[in-house]
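> please work out how this folds:
(one chain, ligands or ions: 1)
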Amino acid sequence: MKGGYRHVMERTLAIIKPDGVSRGIIGEVIKRLENNDFKIAAMKMLHLSKKQAEGFYAVHQGKPFFESLTAFMSSGPAVVMVLEGENVITRYRELMGATNYKEAAEGTIRREFATDIEKNVVHGSDAPETAAFEIAYYFNNLEIVI
Ligand code: CMP
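Residues are numbered from 1 along each chain as shown. Next comes the predicted model:
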């Protein structure tokens with residue numbers, strides 16, 4: 001779009017994946033969110049079952065990495081959050097960096113902390129429709145601060 005960002009109030013689902021939790025970098029990720037003025041509208045820790053991980057990543061069913069991804073995502077606790085703000089879907093994706101940390105920009109979370117394409121520390125929704133599905137997967141309305 002010409003003229004830069006359109007200003008749209010959005011929500012996105014953010015996850016600190018089991019590799020981030022087990023390596024003790026929850027605080028690092030949250031510090032970056034706070035330093036960059038992201039509003040955290042909801043947050044909790046949970047340990048997904050394999051079935052729950054498969055349901056969350058249903059769009060990737062059939063892909064070669066689906067089995068390994070859902071095993072990894074159910075291997076330990078994760079932190080799930082709702083972030084809210086203008087253009088937050090894109091802004092958070094920029095903070096995370098590319099899925100493949102080798103392609104992620106300097107200074108991004110994945111560039112600094114990811115160890116492989118699967119164990120890439122964080123997840124973020126990629127569009128408003130997926131954000132709505134992903135937020136509802138973990139949170140009800142009463143759990144989201146407005
Ligand atoms: P995420 O943003 O959570 O979305 C799907 C996840 O699958 C991705 O991050 C990675 O953790 C994992 N993954 C593993 N291999 C691939 C791949 N080749 N392409 C995309 N995602 C992959």
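> so which helix or strand takes in Gln52?
Here Gln52, judged by DSSP states H and E, is contained in helix 50-56.
> likewise Gly107?
Per DSSP H and E: Gly107 is located in neither a helix nor a strand.
> quick one: contacts for it?
Gly107 sits next to no residue when contact means C-beta atoms under 8 Å, 6 or more residues apart in numbering. All C-beta atoms are positioned from the backbone trio N, CA, C, and that covers glycine.
> swap the cut-off to 10 Å and go again
For Gly107, the contact set (C-beta atoms under 10 Å, 6 or more residues apart in numbering) comprises Arg32, Leu95, Gly97.
> ok, Met81 next?
Contacts of Met81 by C-beta under 10 Å, 6+ apart are 12-16, 29-30, 33, 38, 40-44, 92, 122, 124, 135, 138-139.
> coming back round to it: which other residues reach whichever helix or strand comes after the helix holding Gln52?
For helix 50-56, the following helix or strand on the C-terminal side (DSSP H and E) is helix 66-73. With contact meaning C-beta under 10 Å, 6+ apart, helix 66-73 is reached by 15, 17-19, 47-61, 63, 65, 116-119, 123.
> pLDDT weak spots in this protein?
For the chain, the stretches with pLDDT under 70 are 1-6.
> ranges for the strands of the chain?
9-16, 39-46, 78-86, 122-124 (DSSP state E).
> which strands and helices sit next to the second one?
Strand 39-46 is packed against strand 9-16, helix 26-35, strand 78-86, helix 128-138, with contacts defined by 3 or more C-beta pairs under 10 Å, 6 or more residues apart in numbering; DSSP states H and E.
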